[in-house]
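Colleague: what follows is a protein structure lacking sequence information:
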């Protein structure tokens with residue numbers, strides 16, 4: 001089949017590489033416009049390395065973009081990490097339409113931060129979906145799904161890089177084969193089922209130490225590494241990354257109850273969290289001992305004020 005790849009970042013590149021390695025005919029690559037830094041997107045880099053036509057539209061609603069897609073005479077479009085809205089008028093141009101990757105078990109967790117929220121909510125299972133996109137937001141029919149377990153200490157990073165990323169690339173390739181062979185399912189989503197959550201950003205990542213310790217722990221790991229859970233210490237924002245459950249009992253929420261060789265132990269509702277890595281305001285990520293050694297925190301300090 002004549003395939004278009006539409007995507008960006010490392011995941012988009014990995015999907016393109018996988019298609020090329022198995023000899024697929026990729027006739028064009030669509031990716032995000034270059035940023036102000038001038039750095040090339042990894043997907044664009046791969047396309048250029050393989051002498052593939054590259055298109056970087058600011059909007060897929062323009063007639064000129066629809067014409068570019070049509071002129072490629074595609075059989076299938078594969079969307080791998082797409083942030084721009086692509087209308088059905090473009091999605092339906094390829095002979096077999098368009099398939100898209102989404103890192104959740106649709107219809108659960110529709111929306112842009114679909115890996116963060118299941119971890120933050122304390123769920124034990126998530127997954128990925130390859131679906132047929134439409135004009136809704138992650139609402140199109142399902143082609144295939146893969147389930148992924150969320151371990152009790154998994155983070156956004158571990159769930160994505162160890163599971164959803166590699167399995168997502170494989171699932172895209174499996175889906176291309178199903179489309180080619182005429183066996184690709186189209187299972188309609190129940191419009192009244194599932195959930196939608198918006199972006200998990202700085203506002204949503206603020207730690208409330210009065211919350212039950214399990215909720216605090218889930219927030220920290222669900223925001224690690226992005227956007228980074230945060231608190232306030234001595235009037236300055238402090239981001240919290242690697243952590244583990246502590247062993248201390250009840251204490252004032254947010255109070256530093258112990259300084260260990262490798263961590264800072266902070267009280268939360270019904271227990272404590274041991275912080276292993278932080279990012280001070282204006283600095284880079286550092287391990288807790290370095291932060292302690294620099295005088296950034298001491299026993300008895302209260303976070304969140």
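Modeller: Thanks, I have the structure now. A quick note: this is a predicted structure, and the numbers were derived from the prediction, not measured.
Colleague: hmm, residue 22 is touching residue 172, no?
Modeller: No: checked against Cβ atoms under 8 Å, the pair residue 22 and residue 172 is beyond contact range at 11.4 Å. C-betas here are computed from N, CA, C, even on glycine.
Colleague: which parts of this protein belong to which domain?
Modeller: The record assigns the chain these domain ranges, following automatic domain parsing: 2-180, 202-293.
Colleague: so which of these comes closest to residue 192?
Modeller: Taking Cβ to Cβ, domain 2-180 is the member of the domains of the chain nearest to residue 192, at 9.0 Å.
Colleague: how far does the closest one sit from its chain's centre?
Modeller: Between the centre of domain 2-180 and the centre of its chain there are 12 Å (Cα atoms, centre = their mean, to the nearest Å).
Colleague: kindly report the same for stretch 246-260.
Modeller: On Cα atoms, centre = their mean, the centre of stretch 246-260 falls 31 Å from the chain's centre.
Colleague: what residues of that stretch count as buried?
Modeller: 246, 248, 251, 253, 254, 255, 256, 257, 258, 259 (16 or more other Cβ atoms under 10 Å).
Colleague: now do the end-to-end distance for that stretch.
Modeller: For stretch 246-260, the first-to-last residue distance is 11 Å (Cα to Cα, to the nearest Å).
Colleague: can you name the residues in contact with it?
Modeller: Under the criterion Cβ atoms under 8 Å, 6 or more residues apart in numbering, residues 209-210, 213, 231, 264-274, 288, 292, 297-305 lie in contact with stretch 246-260.
Colleague: so which of those sit within strands?
Modeller: Under the assignment DSSP state E, these contribute 231, 264, 265, 266, 267, 268, 271, 272, 273, 274 to strands.
Colleague: name the nearest residue to the fifth one, ignoring sequence neighbours.
Modeller: In this case it means residue 267. The shortest distance from residue 267 to any non-neighbouring residue, by Cβ to Cβ, 6 or more residues apart in numbering, is to residue 251 (3.7 Å).
Colleague: helix or strand: which one has that neighbour?
Modeller: Here residue 251, judged by DSSP states H and E, is contained in no helix and no strand.
Colleague: for residue 177, same thing?
Modeller: helix 165-180.
Colleague: before we move on, the earlier item: which one of residue 22 and residue 172 is surrounded by more residues?
Modeller: Neighbour count, other Cβ atoms under 10 Å: between residue 22 and residue 172, residue 172 has more, with 25 against 10.
Colleague: check that one and give its pLDDT.
Modeller: The model reports residue 172 with a pLDDT of 98.
Colleague: swap in residue 249?
Modeller: On the pLDDT scale, residue 249 is placed at 80.
Colleague: perfect, I'm done here.
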